[in-house]
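Participant: coords below, sequence missing:
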DNA sequence: GATTCCATCTTGTATATACAGATTTGATTC
DNA sequence: GAATCAAATCTGTATATACAAGATGGAATC
């Protein structure tokens, strides 16, 4: 048995989802709904508050409650950790470390991290395999101040992404996807013929302390990224 | 001046975001927080309810309130409508309709729509341009029952995506991205040399009545998709 | 007709109370 | 020591009340 609040939420959201109440349309006042559902005003109030938080309603003090405009749809790609992605697909993740060093980066790159050109950055290049099949080249730059143990980490045992998630949980970033061709070296590492079509993802993530990491992910063009389409989250 | 509830929400979420309260850790009980903040229990209750709805807390009846585990991060790509995407980038959208017809689709395609092999599907191929430059080929199949006017629509004036958004607002779907090479025909339409690298997005969206539309979007590999990284939404 | 002002309606916030229902804790009992 | 049971603790829900503050509409006034 649902609570009264849940019943009201269900009833109202059904009217909205079914299209019987259209965006912009005004709902009854709390007093009216209170009479309709036979509950107290506060119960209606809490139910509508929750619908507002979920993005179904907009409420205006002194005026009333209105059906919120339809939210735009977005595509959501959940697999940011290559290890989790491979394991979710039933594969066994393995990694080959090609580079793990402190290097002086090209000036524009160091600039992106807010560091001088003489400050060394941590650089890692890792080939990720699923059951022996090359899946992705990870070419990552990292501000070593934000992950001091980066040089001593065994990258065949844990991913830098996983480490970063555990250490610096709250941050945001941006990502770009494009298609390109593999260089001879990249093709060799990925087991492709030279000039093969590849999918390139570039990511930069920030925390409050600045840019944490920048990474270029290269995978064979035949592999595909899988996402889902859903209404954008409120906020 | 924030409300008391907002102050409590701000104070608690700050403790969580800063890491002073770690995932799994127990917060004080409503009674304790009531004393700490000098408010009534219900005020604390409503504040924590909201934090729970936002995904910061997990509350267990009889036990207490606990900091929720860190949400996984996802990549979010907001531009599903090519027209909006072009205009957001400051360009002028224009379209060239290459195909707009009712066709008998290949059996596996018709099957995806839950229709028999003898049921015609609406098929549209549209080249989208930004200021005269080809940006994307849209190759779309659509269940005509769900958009009866599809044959009479002027696709140079409005996009099928926009139409669908307006008519069938609530639905979900999935999307796949891969890299490929353009066929001779596609390369010609996009103004690329034959065999050029391209980015291919395939989308299928559903409503309660079944599959609404399936679309293949092809754009030059040099163009890139831009998204952002953020914690996954609750639910 | 245009403006001003007030009564009324609306949602927002805070509080107190009461009881339900799940969990935890501790004492009792075997 | 282990099991059982009861009390205390904690969150969930519903209600009533009171007042604040924005929005609206209509009446009174100019």
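Facilitator: Nice, I can see it. Computed from a prediction, not measured in an experiment: that's the story for all the values here.
Participant: the bottom helix or strand of chain A by mean pLDDT?
Facilitator: Within chain A, no helix or strand scores below helix A:107-112, which has a mean of 80 by mean pLDDT, DSSP states H and E.
Participant: Flag every buried residue along the next helix or strand after that helix.
Facilitator: Later in the chain than helix A:107-112, the nearest helix or strand by DSSP states H and E is strand A:120-130. Buried residues in strand A:120-130, counted by 16 or more other C-beta atoms under 10 Å in any protein chain shown: A:121-130. All C-beta atoms are positioned from the backbone trio N, CA, C, and that covers glycine.
Participant: and which of those residues is nearest chain B?
Facilitator: The closest of the buried residues of strand A:120-130 to chain B turns out to be residue A:130 (C-beta to the nearest C-beta; 16.5 Å).
Participant: Run through the residues that contact that closest one.
Facilitator: For residue A:130, the contact set (C-beta atoms under 8 Å, 6 or more residues apart in numbering or on different chains) comprises A:86, A:89, A:91-94.
Participant: counting contacts, what elements does the least confident helix or strand of chain A pack onto?
Facilitator: If contacts are counted by 3 or more C-beta pairs under 8 Å, 6 or more residues apart in numbering or on different chains; DSSP states H and E, helix A:107-112 sits against strand A:210-220.
Participant: going on from the strand it packs on, what's the next piece of helix or strand?
Facilitator: Using DSSP H and E, the helix or strand that follows strand A:210-220 in sequence is strand A:225-231.
Participant: Now that next one: buried residues?
Facilitator: The neighbour-count check on strand A:225-231 (16+ other C-beta under 10 Å) flags A:225, A:227, A:229-231 as buried.
Participant: Which ones among these also lie next to chain B?
Facilitator: Contacts with chain B within the buried residues of strand A:225-231, counted by C-beta under 8 Å from any C-beta of the partner chain: A:225, A:227, A:229-231.
Participant: so what pLDDT did residue A:170 get?
Facilitator: Here the pLDDT value assigned to residue A:170 is 65.
Participant: Please read the previous query as pertaining to residue A:211.
Facilitator: In the predicted model, residue A:211 carries a pLDDT score of 85.
Participant: so how far is residue A:203 from the closest residue to it other than its chain neighbours?
Facilitator: Nearest residue to residue A:211 in three dimensions, chain neighbours excluded: residue A:113, at 4.8 Å (C-beta to C-beta, 6 or more residues apart in numbering or on different chains). Distance, residue A:113 to residue A:203, using C-beta to C-beta, to the nearest Å: 14 Å.
Participant: got it, and residue A:129?
Facilitator: Here the criterion is C-beta to C-beta. By it, residue A:129 lies 20 Å from residue A:203.
Participant: same check, this time on residue A:25
Facilitator: From residue A:25 over to residue A:203 the distance is 41 Å, taken as C-beta to C-beta.
Participant: Export the buried residues of strand A:120-130 as CSV, with columns for distance to residue A:167 and pLDDT.
Facilitator: Output for the buried residues of strand A:120-130, formatted as CSV (distance: C-beta to C-beta, whole Å; pLDDT from 0 to 100):
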residue, distance to residue A:167, pLDDT
A:121, 17, 91
A:122, 14, 94
A:123, 18, 95
A:124, 15, 96
A:125, 21, 97
A:126, 18, 96
A:127, 24, 97
A:128, 20, 97
A:129, 25, 96
A:130, 26, 94
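Participant: doesn't residue A:141 make contact with residue A:109?
Facilitator: Yes. Between residue A:109 and residue A:141 there is a contact at 6.2 Å, judged by C-beta atoms under 8 Å.
Participant: neighbours around residue A:27, how many?
Facilitator: Residue A:27: 19 surrounding residues under other C-beta atoms under 10 Å in any protein chain shown.
Participant: residues in contact with the residue lying closest to it once chain neighbours are set aside?
Facilitator: Nearest non-adjacent residue to residue A:27, counting by C-beta to C-beta, 6+ apart: residue A:65, 4.5 Å away. With contacts defined as C-beta under 8 Å, 6+ apart, residue A:65 is in contact with A:26-27, A:29-30, A:48, A:52, A:57-59.
Participant: Repeat that for residue A:113.
Facilitator: Contact analysis of residue A:113 by C-beta under 8 Å, 6+ apart lists A:105, A:119, A:121, A:141, A:143, A:210-211, A:214.
Participant: Show me what from chain A comes close to DNA strand C.
Facilitator: A:27, A:29-32, A:41-42, A:45, A:48-49, A:52, A:59-65 (C-beta under 7 Å from any atom of the strand).
Participant: Next one: the closest residue to residue A:162 other than its chain neighbours from residue B:55, what distance?
Facilitator: Of all residues not flanking residue A:162 in the chain, residue A:81 sits nearest, at 5.8 Å (C-beta to C-beta, 6+ apart). Distance of residue A:81 to residue B:55, given as C-beta to C-beta: 19 Å.
Participant: More neighbours: which of these two?
Facilitator: Per other C-beta under 10 Å, whichever of residue A:81 and residue B:55 has more neighbours is residue A:81, with 19 against 16.
Participant: okay if I get the buried residues of strand A:225-231 as JSON lines plus pLDDT?
Facilitator: Listed next are these as JSON lines, based on pLDDT from 0 to 100:
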{"residue": "A:225", "pLDDT": "94"}
{"residue": "A:227", "pLDDT": "95"}
{"residue": "A:229", "pLDDT": "93"}
{"residue": "A:230", "pLDDT": "89"}
{"residue": "A:231", "pLDDT": "87"}
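Participant: for those, which one is nearest residue B:221?
Facilitator: residue A:225 (14.5 Å; C-beta to C-beta).
Participant: Then residue A:158 would be within a strand, right?
Facilitator: No. Using DSSP: H, G, I helix; E, B strand; the rest coil, the assignment for residue A:158 is coil, not a strand.
Participant: residues in contact with it?
Facilitator: By C-beta under 8 Å, 6+ apart, the contact set of residue A:158 is residue A:83.
Participant: just residue A:34 next, same as before
Facilitator: Taking C-beta under 8 Å, 6+ apart, one finds A:40-41, A:43-44 in contact with residue A:34.
Participant: ditto for residue A:194
Facilitator: A:182, A:184, A:187-188.
Participant: where do the contact lists of residue A:109 and residue A:141 overlap?
Facilitator: A:121, A:214.
Participant: higher neighbour count, these two?
Facilitator: residue A:141 (22 against 16).
Participant: returning to what we had before: do you know the pLDDT at the residue nearest to residue A:211?
Facilitator: 84.
Participant: Then residue A:234?
Facilitator: Reported pLDDT for residue A:234: 66.
Participant: all helices for chain A, in order.
Facilitator: With DSSP state H as the criterion, chain A has helices at A:4-17, A:30-37, A:41-53, A:82-88, A:107-112, A:160-167, A:184-190.
Participant: Determine which of those helices approaches residue B:3 most closely.
Facilitator: Distance to residue B:3, taken as C-beta to C-beta, is lowest for helix A:41-53 among the helices of chain A, at 13.0 Å.
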